[in-house]
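> coords below, sequence missing:
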């Protein structure tokens, strides 16, 4: 474990050394780097250096010293981690909200990346608007998320985590897995969690997506009810020339937990091809 400071905010980073290409895992909302445990073990066993971290305001990281949770600052945090660990030829894997930091950093001329993976990710633009009718998140639903979290945090997070793993009408993970995810969600700072809803719901990544020139893999479950593939991953795949797409049958939003073998095989296959 190391601590990296960005914009005055202390970030908790776990760095598991390996001889092969670094893989940096960027978690989703409202979880932490610990949500990647199925991937950390498999990727490290394959010889890779594996880095996870907790987004500012989540898990074991500090809250934002500057009060900011927009994607420019969140991407600065990720870039500072790469710089502090002196990572090169790294592959970034962004899950859900984490796809935002990954897609934005992919457009910066950092020279530290060899490819990106977008897993159940929010780009290109989650919110449904007049000029983004295919956005899968209606304004009313985005507002309801904030009010639900604000009015009854515990009940909202409990329901959200169960929906996170819902495929059709069923929960696609064990009760123990769902409870573990809820435990991570309950660690988040309330102000950070509220601010990040606006960030992932309302940030338009269409220009970022159009600017990506790195090898890209899109991984998504076909039963994702939170960030449906058709409005997110499919659009991103179609917009990034030469990108690859793996759609996991029966996969909910949290497909890295429900279908870890298929997920890990897709990511490791992509990384080995670079």
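That came in fine, so what should we check first? The model shown is predicted, which means the values in this text are computed figures rather than measured ones.
> number of nearby residues for the closest residue to residue 230 other than its chain neighbours?
Spatially, and ignoring its direct neighbours in sequence, residue 230 is nearest to residue 136 (7.4 Å; C-beta to C-beta, 6 or more residues apart in numbering). Backbone N, C-alpha and C define where each C-beta goes, glycine included. Number of residues near residue 136 (other C-beta atoms under 10 Å) recorded here: 21.
> just residue 151 next, same as before
Neighbours of residue 151 under the rule other C-beta under 10 Å: 9.
> Do you know the pLDDT at it?
Note for residue 151: predicted pLDDT of 97.
> Need the three-state assignment for residue 103.
Following DSSP: H, G, I helix; E, B strand; the rest coil, residue 103 is assigned to helix.
> ok so, going back, and the residue nearest to residue 230, how far is that from residue 73?
25 Å (C-beta to C-beta, to the nearest Å).
> what about the helices in the stretch 151-274 of the chain?
153-164, 175-185, 190-202, 206-211, 233-239, 255-258, 260-272 (DSSP state H, counting those that start in this stretch).
> just these: most buried one?
Of the helices of the stretch 151-274 of the chain, the one with the most neighbours on average (mean count of other C-beta atoms under 10 Å) is helix 255-258, at a mean of 26.
> now that one: mean pLDDT?
For helix 255-258, mean pLDDT rounds to 98.
> Quick one, which of the helices of the stretch 151-274 of the chain gets closest to residue 83.
helix 206-211 (20.1 Å; C-beta to C-beta).
> tell me the mean pLDDT over the closest one?
pLDDT averaged over helix 206-211 gives 97.
> and residue 77, what is it in contact with?
4, 6-7, 9, 11, 55-56, 101 (C-beta atoms under 8 Å, 6 or more residues apart in numbering).
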